[in-house]
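Q: I need the structure of the sequence given here:
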Amino acid sequence: MNHAVLAAGGLVLFSLIASGQASAQTAKAELRNAQGEAVGSATLAQEADGVRITVQASRLTPGPHGFHVHAVGKCEPPAFTSAGGHFNPRGQSHPNHAGDLPVLLANANGNAALTFKTDRFKVEDLFDADGSAFIIHAAPDNYANIPKDRYRPDPDAATLATGDAGGRAACGVITR
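A: Residues are numbered from 1 along each chain as shown. Purely as a prediction, here's the structure:
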């Protein structure tokens, strides 16, 4: 074993912990439904090439659900509108918000699990003055594809804002 490399690695880890950066590298959220019941959790881990997000949820309506980071770290039931819109620091349209994430698919028993990586933000970006939250939506996210019943040459405001993901079924404030 090369002790010089081991010592250098320990020094880097010590420096991160001493500067407080280690806590900025991971985050979590407990997801609760409108009745305040815990229905899942999400973890975030900063890696060199992006943020790895792992989600586990239960007691959802079977089928696909929009899953997003929202701009405000506040989850006031029952509608969770306190979490604001999608996390969107660059002012993009849906599906290019930084907080637009893959659809969460609940099986016939209402259970869902998903692990993915995104480079649209860093963990530290989610801890601005008002924080951030995860939202599990009631409906699937159509990624700003235009629903046929509203077809026009361009997506309408609802599609551009939310991907038509519907109401908010669960919310979790992201914490260190």
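
Q: which residue ranges of the chain form helices?
A: 3-19, 21-24, 157-162 (DSSP state H).

Q: for this structure, just list every one of the strands.
A: For the chain, the strands defined by DSSP state E occupy 26-33, 38-47, 50-57, 63-65, 67-70, 104-106, 112-118, 133-137, 168-173.

Q: okay, which residue is most central for this structure?
A: Val69 (3.6 Å; CA atoms, centre = their mean).

Q: tell me where the model's unsure across this structure.
A: 1-24, 145-153, 155, 158, 160-163 (pLDDT under 70).

Q: at 90 instead, please
A: 1-24, 92-96, 139, 141-167 (pLDDT under 90).

Q: just give the nearest non-adjacent residue to Pro78, would you?
A: In this structure, Pro78 finds its nearest non-sequential neighbour in Ala34, 3.8 Å apart by CB to CB, 6 or more residues apart in numbering. All C-beta atoms are positioned from the backbone trio N, CA, C, and that covers glycine.

Q: so how far is Gln92 from that neighbour?
A: 29 Å (CB to CB, to the nearest Å).

Q: turn the strands of the chain into JSON lines, including distance to His97.
A: Below are the strands of the chain laid out as JSON lines (distance: least, CB to CB, whole Å):
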{"stretch": "strand 26-33", "distance to His97": "18"}
{"stretch": "strand 38-47", "distance to His97": "17"}
{"stretch": "strand 50-57", "distance to His97": "15"}
{"stretch": "strand 63-65", "distance to His97": "17"}
{"stretch": "strand 67-70", "distance to His97": "7"}
{"stretch": "strand 104-106", "distance to His97": "16"}
{"stretch": "strand 112-118", "distance to His97": "11"}
{"stretch": "strand 133-137", "distance to His97": "12"}
{"stretch": "strand 168-173", "distance to His97": "16"}
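
Q: so which of those comes closest to Ala98?
A: The closest of the strands of the chain to Ala98 is strand 67-70. By CB to CB, the value is 7.2 Å.

Q: quick one, what contacts the closest residue in space to Gly73 that isn't next to it in sequence?
A: Nearest non-adjacent residue to Gly73, counting by CB to CB, 6+ apart: Gly131, 2.3 Å away. Going by CB atoms under 8 Å, 6 or more residues apart in numbering, Gly131 touches Val72, Gly73, Lys74, Val173, Ile174.

Q: also Val39?
A: Contacts for Val39 (CB under 8 Å, 6+ apart) come out as Leu31, Arg32, Asn33, Ala57, Ser58, Arg59, Leu60, Ile136, Ala170.
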